[in-house]
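*Asks:* turn this into a model:
(one chain, ligands or ions: 2)
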Amino acid sequence: MMTTKVDIPRTLYEKIWDEHVIHHYDDGTCLLYIDRHLVHEVTSPQAFEGLRVAGRKVRRPELTLAVPDHNLPTTARVGSDGYRLPIADQESAEQVSVLYQNTAEFGIELIDAIAPEQGIVHVIGPELGFTLPGTTLVCGDSHTASHGALGALGFGIGTSEVEHVLATQTLRLKRFKTLEVRIDGTLGLGVSPKDVALAIVGELTASGGAGHVIEYTGSTFREMSIEGRLTVCNMSIEAGARAGLVAPDETTFAYLKGRPRAPQGADWDQAVARWRTLVTDHGAGYDKVITIAAEAIAPLVTWGTSPDQVVPITGSVPNPDELPNAAHHSAARNALTYMGLTPGMRMQDIMVDRVFIGSCTNGRIEDLRAAAAIARGRRIAPTIKQALVVPGSGQVKRQAEAEGLNQIFVEAGFEWREPGCSMCLAMNPDKVPAGERCASTSNRNFVGRQGPGARTHLLSPAMAAAAAVTGRLTDVRTFRPVGAI
Ligand SMILES: CC(C)[C@H](C(=O)O)[C@@H](O)C(=O)O
Ligand code: SF4
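*Replies:* Ligands and ions are numbered 1, 2, ... in the order given. Next up is the predicted model:
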């Protein structure tokens with residue numbers, strides 16, 4: 001009997017990859033077909049310019065969707081007279097208006113700053129059903145890994161690759177290696193998908209996943225919502241991985257059903273039947289495997305300037321010289337100097353100046369619900385200079401408002417904003433001043449990330465809300481909800 005390719009056990013990643021290879025080159029690279037392309041204002045201007053200079057068109061404009069997010073102020077975008085407010089910062093205004101011009105010139109759909117669907121590129125892709133299982137999806141943005149939560153092979157690309165995808169709808173790439181991150185068991189009370197993500201990054205280190213696609217397996221992910229899976233997949237890149245994947249299942253199908261751009265009617269049934277085959281076959285091997293027990297994961301918080309510099313909230317700032325890996329000693333010392341911390345300090349004694357709840361890591365409805373459950377009936381500490389809640393998209397914002405979450409936040413002293421990347425990175429007016437400390441639900445605590453000299457502690461939405469209430473990093477497990485939400 002003939003052995004067909006189908007009989008060889010393959011991982012989920014290999015199945016998606018194989019299905020998209022158009023050509024194998026002699027040097028081992030492959031030409032890969034790209035199903036979907038997301039574009040934002042930061043990494044696309046040079047790509048469009050390249051097309052213009054070469055006199056090329058966009059090959060399949062209908063497969064690309066553009067949205068501004070990084071540079072938008074999160075204050076009102078429309079004045080009381082109904083007119084659009086200008087962006088004050090010249091560079092930001094320019095980037096956004098160039099995106100508008102480029103998309104108009106090349107016939108690409110644009111969700112503009114005041115459209116109801118506007119939001120962070122990685123939040124709107126899934127919620128519109130633009131992101132679908134088994135597809136290849138790219139964006140000139142490292143957190144494109146997020147989309148793997150729906151079983152799409154999503155990865156970030158550079159600006160020259162953005163141009164290549166626009167021109168050809170393909171990319172020439174080397175196959176990635178595979179890494180299984182297996183977590184079984186039930187998360188403890190107060191432990192969220194963000195803690196899972198931080199635990200994985202802490203375990204793998206910021207470079208442990210380099211060159212790999214992570215597949216998240218085990219009962220913890222099977223029981224996790226799509227929002228939670230998006231949070232975990234989002235941070236795959238913080239462990240150095242190109243992409244993160246969760247095999248699509250009933251949770252995925254329920255999430256996607258009825259989304260505006262997902263297949264409808266008979267197409268839907270056919271699509272689901274196909275998506276059910278998107279699982280790693282029994283007997284398929286990964287290049288690397290790590291396992292973590294769900295019960296071992298505590299609420300975590302970062303102390304340094306890399307997302308892998310993380311400890312349980314009940315822990316202390318480590319002594320750099322006592323870290324297990326000697327290669328990390330000097331990096332840790334520099335991080336502590338930048339962060340203004342000394343070894344041995346209890347994490348819960350660290351006072352914060354600002355709190356940011358939002359970003360493509362934690363700006364979805366479940367994140368806001370978790371934060372609101374802590375904020376409800378409480379006030380932010382008087383020492384807090386600013387506490388921002390920034391929904392990841394217009395849809396998240398409307399849903400949160402329908403549930404009254406905005407009111408809970410505002411009554412507690414938080415500011416309720418328009419969707420965008422906001423304080424995740426200092427490309428818009430939401431910045432942390434030099435020397436100030438921010439408890440942030442975003443994904444990067446790099447030097448200067450939230451503003452020059454700003455100090456960032458990454459944590460979950462509930463922990464961020466708790467920090468806002470007490471004015472310091474706080475174990476959310478010591479909080480009891482006030483009333484029901
Ligand atoms: C601006 C963009 C290129 C960048 C990225 O690639 O991730 C940003 O989104 C980030 O989070 O640092
Ligand atoms: S929210 Fe932050 S991480 Fe996400 S795309 Fe925007 S800047 Fe990048």
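
*Asks:* please count neighbours and contacts with C-alpha atoms only from this point.
*Replies:* Will do.

*Asks:* nearest to ligand 1 within the stretch 51-200 of the chain, name that residue for me.
*Replies:* D141 (3.4 Å; Cα to the nearest ligand atom).

*Asks:* phi, psi of that residue?
*Replies:* In terms of degrees, to the nearest 10, the main-chain angles of D141 are phi -160, psi 130.

*Asks:* give me the distance between it and H37.
*Replies:* Distance check for D141 against H37: by Cα to Cα, to the nearest Å, it reads 11 Å.

*Asks:* give me the more crowded residue out of those two.
*Replies:* H37 (25 against 20; other Cα atoms under 10 Å).

*Asks:* so what's the closest residue to the more buried one other than its chain neighbours up against?
*Replies:* Nearest residue to H37, sequence neighbours excluded (Cα to Cα, 6 or more residues apart in numbering): T64, at 4.5 Å. Shown in contact with T64 (Cα atoms under 8 Å, 6 or more residues apart in numbering): R36, H37, L38, V39, I108, E109, L166.

*Asks:* give me the neighbour count for the third one.
*Replies:* What that stands for is L38. Counted with other Cα under 10 Å, L38 comes out at 24.

*Asks:* check the fifth one too.
*Replies:* Using other Cα under 10 Å as the criterion, I108 is surrounded by 20 other residues.

*Asks:* before we move on, what about R480?
*Replies:* Neighbour tally, R480, other Cα under 10 Å: 9.

*Asks:* need the contact partners of stretch 184-201.
*Replies:* Here stretch 184-201 makes contact (Cα under 8 Å, 6+ apart) with 181, 218-221, 224, 228-229, 231-233, 235-236, 238-239, 292-295, 297-301, 307-308, 310, 361-362, 459-460, 462, 476-477.

*Asks:* give me the buried subset of those.
*Replies:* Among the contacts of stretch 184-201, those buried by neighbour count (16 or more other Cα atoms under 10 Å) are 181, 218, 220-221, 224, 228-229, 231-233, 235-236, 238-239, 292, 294, 297-301, 307-308, 310, 361-362, 459-460, 462, 476.

*Asks:* just the ones of those residues in helices?
*Replies:* T220, F221, G228, R229, T231, V232, C233, T361, N362, A462 (DSSP state H).

*Asks:* all strands for the stretch 151-300 of the chain, in order.
*Replies:* All strands of the stretch 151-300 of the chain, identified by DSSP state E, counting those that start in this stretch, fall at 153-156, 170-173, 177-184, 212-217, 243-245, 288-293, 300-302.

*Asks:* partners of the fifth one, with directions?
*Replies:* Strand pairing for strand 243-245, determined by DSSP bridges: strand 212-217 (parallel).

*Asks:* average model confidence for the strand it pairs with?
*Replies:* What strand 212-217 shows for mean pLDDT is 98.

*Asks:* could I have the CA atoms of it written out in PDB?
*Replies:* C-alpha atoms of strand 212-217 as PDB (Å, rounded to 0.1, in the frame of the first residue of the first chain):
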ATOM      1  CA  HIS A 212      10.500  28.400  17.200                       C
ATOM      2  CA  VAL A 213       6.800  28.300  16.900                       C
ATOM      3  CA  ILE A 214       5.300  27.500  20.300                       C
ATOM      4  CA  GLU A 215       2.200  25.200  20.500                       C
ATOM      5  CA  TYR A 216       0.400  25.600  23.800                       C
ATOM      6  CA  THR A 217      -1.100  22.300  24.800                       C
END
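
*Asks:* contacts for that strand next, please.
*Replies:* The contact list for strand 212-217 (Cα under 8 Å, 6+ apart) reads 12-13, 176-183, 236, 241-247.

*Asks:* check whether K397 really touches V389, as I assumed.
*Replies:* No. Counting by Cα atoms under 8 Å, K397 does not reach V389; the two are 10.0 Å apart.

*Asks:* who has more neighbours, these two?
*Replies:* V389 (28 against 25).

*Asks:* need the strands of the stretch 151-300 of the chain in CSV (columns: distance to F253).
*Replies:* CSV is the format used below for the strands of the stretch 151-300 of the chain (distance: least, Cα to Cα, whole Å):
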stretch, distance to F253
strand 153-156, 17
strand 170-173, 27
strand 177-184, 22
strand 212-217, 18
strand 243-245, 15
strand 288-293, 27
strand 300-302, 31
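
*Asks:* can you list those in a markdown table and add distance to ligand 2?
*Replies:* Listed next are the strands of the stretch 151-300 of the chain as a markdown table, based on distance: least, Cα to the nearest ligand atom, whole Å:
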| stretch | distance to ligand 2 |
| --- | --- |
| strand 153-156 | 11 |
| strand 170-173 | 22 |
| strand 177-184 | 22 |
| strand 212-217 | 18 |
| strand 243-245 | 14 |
| strand 288-293 | 25 |
| strand 300-302 | 16 |
